[in-house]
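Q: I'd like to go over a predicted model; first the sequence, then the structure.
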Amino acid sequence: MSNLNETDIQGFVLRGYNMPFARYLFLHFEDAARAATFVHRLMGEVTTGQRWDSGKPQSTVNIAFTHRGLVALNLPDATLLSFPVEFQQGMKKRAEILGDTGRNAPDQWDELWREDNVHAWLGVNASSPEALNARCADMLTIMRETNGAILLAAQDAAALVFDGIPTTKEHFGYTDGFGNPDYLGVERSVQPGQGKLMPNGTWAPLATGELLLGYADEAGELPVAPVPHILASNGTFMVYRKLHQNLATFRTYLDEHAPFYSGGKEKLASKFIGRWRDGTPIELSPDHPDQSITQDPNRSTNFTFSADPVGTRCPVGAHVRRVNPRDAFGFDGKLINRRRITRRGLPYGTPVPEGEPASDTDERGVIFIALNANLSRQFEFVQQQWINYGNDSRLGNEKDMLLGNHTGQGRFVVQGDTAGTNPPFVCSNLPNFVELRGGDYFFLPSITALGMIGMGLVDPR
Amino acid sequence: MSNINGKVYAMNVVTPMKPWKTWLLRALFFALWHIKPLQQDLINLSFIEFARWVIIPRRRFPFLAHGQAEEDLQYDYLLFFSNFNGTWNQYIDAFSSVLSRGLNLIWRWSEKFPGSVPITPFKEYIAQVQFDTDYYYTAYPYATANDLKAAHIVQASLDQLAQQANTANPQQFADAYLHFMLQVQAHLGNTGEAPLVS
Amino acid sequence: MPNQNGKVYGLTILSPIIDDETAIPSHDLQIRNYLAKLPTDERSPFALAPATHLTRLVVMDDVIYVGMPACEEHLKSKYLIWESNCDGNLNTYLTGLAASIPEHLDAIWSHCVGYPGASNLQAFIDYMKACQLETTFFFAAVNDKSVTETLRALQTQRAVSDFIANHQGMDPARLQSDFNQFLTELNAKPTPRAGILTPYRDIKTGGRNE
């Protein structure tokens, strides 16, 4: 396989920047020529995948487009029609397929997402609020000077600070950020448990084409991509979902059920996700958290489920087991390799320490951002078949405990054994702990592709 | 869509085979039937409720006279009928990634079969040789193969527990009940509608 | 026996459809129209008749030309394919259908060459045998449970799931007496109707239970 040209790939794809502040700007284009000029002006600003050998920058900029954004940029019809169907339709039209019904349905979304005006996502990440504001001001200046884009809305997101310390936790208190896949050629320290499982039990990186267009994927071919090749190559597709968290509902549910669970409240909470709230995987340490595992990259994601087929350590329906079954379906985990996604989001809203009153109506939650080469085969499949449905885990129609669209029904079974502190336990009448407030599908082009778009040079053949 | 009823999809496929190749396929199926471990992968994939292959030799299309024209064909035909859970894409993706050798052994005798890996030409071939169902009935539309197996486990465990329900004292029963829960705890998923496909 | 897998029988029938240019609409279209209007849920004839797990009816217009270098050829007749996965064997299954849904069988197969009607049982069975194809390989995920056993097991699974959820932490004596009552009620419930699309609820009146 070829070496990756990191200067041609947007940095957001290759790296989690580890910057605790972000602002996502949503743009609208009114005129194709001026919009192209705007994109052209951005070329000097967009952060590439180049390594930060001379020090980390204070802020980064990346850009992605919805299909209607590419239409507004006047790309040729043949190119526009060659994009995968689900990207052309956009996430709103796919709502029923994704199980985004009831309170997650588009008519309940924020106004920004109910309308069909979002053409581009401009993502600014920064190490400090000052750097964030300064960089965003720069962006607005470029927009004004080129008259190329209108700002529809901005979404702030930031790492949550508990007890004065920035964390990687989300609002329910779970430590997040584990388990992004390793891909061949994407330079990162390879971590056991993050790639694909090999027959001899070791872990190998996934094919590059599971993340980036233009490279071989796990099925031995180039992933479906738009034409021309040069527009698609080194690009990827991005899913953006604003997931509101009903913090009061979650805390109440846990508090009401914990007294009946002899393992205790923290253990019950760990069973929902598959990790203790400090991040320890319960498959490795089912009885208590263990920071020695969590802090060790060689161990924190290094586990499989074949020794736990019934789910007595990690419940069959727990979140980490649902979204990455590893070897739980047999066949050395081969059925999983084309269903992985890379996550890049951050929480939004003010955190509430444990014990202080919280409300469901406050604006808080997680901005869920996922990157994958193929929306329908990767993100949509996981959302439809593994989050809002349970057949592959042999759980019938049961949904993911925290993310599922339960509407007051459904069950989550904690499988147990005869040990007094690990009983079988059923959680019923599940409310919606998380609600969808909007989002869409975006195409995140390579630097070359951005250049072509900026100069109006896209030619399908 | 008449190919789908509840959680199960009816796929029909017809492919032509040169008659001398048909015997090879028959031998393969014979081996598959009698050597049970070869079927294990199919069982473990666990999303097929029923499936069958039917070889129609070119001179054995049913002929009832009464004015029916007799067939005069060069090829034998392989019919394939599957009743599977999940989406069309999921089904073919799964077979291609874990059972590609088995698929190749069955379909390589069919004209213009491209092989089951890579996936895109394989899916194009299936789309070309698949024809649609006019009427599809299932006695249990909301149950997948996994749901059926789970239900039978629960029924068997309940029958066992029932034997002790009257004779045991409460403490013995409580122990038996815990044992029962451990047997069924991974098999309790409720059944209902299938996810929407399109 | 390739047609049999455990307790399940794989019936594959290929019936030539009458080719009559004077029929308007043509016989294959008449079959299609009839099938399009036939219910596929608990009102399906196959739900009202016994022993059918899964079945399909497909009008096969022709074989499919896969492209050069394969030769192009065509069937001289259209065929009605009937694939059924059922309990019992050929004779018991067909007898059961002819007894309970003869009018539907006639409505569909009267468009097929040489069909004698369901009223003459032996002729009906002979006709089907003449049209039967031998299943070369038959796979079944569950091959040892009848339709009735399956429907009862699904009902049991749902009831047990509810019982376990509602009896967490209960004291042993009360648990036992509740359980005995639960068993009695569950065993007294009728077998759920085949083909039903909504989650099972108690049927008070009407319909033939299987």
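A: That came in fine, so what should we check first?
Q: CA atoms for contacts and neighbours, from now on please.
A: Fine.
Q: mean confidence score for stretch A:364-380?
A: Averaged across stretch A:364-380, pLDDT comes to 97.
Q: Put the alpha carbons of that stretch into CSV.
A: What follows is stretch A:364-380, C-alpha atoms only, in CSV (Å, rounded to 0.1, in the frame of the first residue of the first chain):
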residue,chain,number,x,y,z
ARG,A,364,-25.9,20.0,27.4
GLY,A,365,-24.8,16.8,25.6
VAL,A,366,-22.2,15.5,23.2
ILE,A,367,-21.4,16.7,19.7
PHE,A,368,-21.0,13.3,18.1
ILE,A,369,-18.7,13.4,15.0
ALA,A,370,-17.8,10.2,13.2
LEU,A,371,-15.5,9.7,10.2
ASN,A,372,-15.8,6.8,7.8
ALA,A,373,-15.3,6.0,4.1
ASN,A,374,-18.8,4.6,3.7
LEU,A,375,-21.8,6.1,5.5
SER,A,376,-24.3,3.3,4.9
ARG,A,377,-22.0,0.4,5.6
GLN,A,378,-20.3,1.9,8.6
PHE,A,379,-22.1,4.6,10.7
GLU,A,380,-25.6,3.9,9.4
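Q: Looking at chain A, which residue is nearest chain C?
A: residue A:426 (5.6 Å; C-alpha to the nearest C-alpha).
Q: Who is that residue paired with across the strands?
A: Counting by DSSP bridges, residue A:426 is bridged to residue A:413.
Q: tell me the contacts of it?
A: A:411, A:412, A:413, A:414, C:164, C:165, C:168 (C-alpha atoms under 8 Å, 6 or more residues apart in numbering or on different chains).
Q: Could you turn the buried ones of these into a ChimeraX selection?
A: In ChimeraX, this line selects whichever of the contacts of residue A:426 come out buried by 16 or more other C-alpha atoms under 10 Å in any protein chain shown:
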select /A:411,412,413,414 /C:164,165
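Q: Take the contacts of residue A:426 and lay them out in CSV including pLDDT.
A: Shown next, in CSV, are those (pLDDT from 0 to 100):
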residue, pLDDT
A:411, 93
A:412, 96
A:413, 96
A:414, 97
C:164, 95
C:165, 93
C:168, 91
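Q: per-residue pLDDT, whichever residue of chain B sits closest to chain A?
A: In chain B, the residue that lies nearest chain A is residue B:189 (4.2 Å; C-alpha to the nearest C-alpha). Looking at residue B:189, its pLDDT stands at 91.
Q: Also residue B:95?
A: For residue B:95, the model assigns a pLDDT of 89.
Q: is it true that it lies in a strand?
A: No: counting by DSSP: H, G, I helix; E, B strand; the rest coil, residue B:95 falls outside a strand, being helix.
Q: From residue A:12, how far out is it?
A: Applying C-alpha to C-alpha, to the nearest Å, the value for residue B:95 to residue A:12 is 34 Å.
Q: Any stretches of chain C with poor pLDDT?
A: Along chain C, the model assigns pLDDT under 70 to residues C:1, C:198-210.
Q: Which residue ranges make up each domain of chain A?
A: Domain assignment for chain A by automatic domain parsing gives A:6-241+A:439-454, A:252-338+A:382-434.
Q: let me fix that: chain B
A: Split by automatic domain parsing, chain B gives B:4-131, B:145-184.
Q: what about the shortest one, how long is it end to end?
A: If I follow you right, that is domain B:145-184. End-to-end span of domain B:145-184 (C-alpha to C-alpha): 17 Å.
Q: ok so, going back, got the contact list for the residue of chain B closest to chain A?
A: Counting by C-alpha under 8 Å, 6+ apart, residue B:189 touches A:390, A:394, A:395, A:396, A:397, A:398, A:411, B:147, C:161.
Q: Out of the residues you listed, who's the most crowded?
A: Within the contacts of residue B:189, most neighbours by other C-alpha atoms under 10 Å in any protein chain shown means residue A:398, with 28 neighbours.
Q: you'd agree that one is up against residue A:411?
A: Yes: with contact defined as C-alpha atoms under 8 Å, residue A:398 and residue A:411 form a contacting pair (6.3 Å).
Q: need the longest helix for the chain.
A: No chain in the question, so chain A it is. In chain A, assigned by DSSP state H, the helix with the most residues is helix A:129-146.
Q: I was thinking of chain C, sorry if that wasn't clear
A: Longest helix of chain C, by residue count under DSSP H: helix C:147-166.
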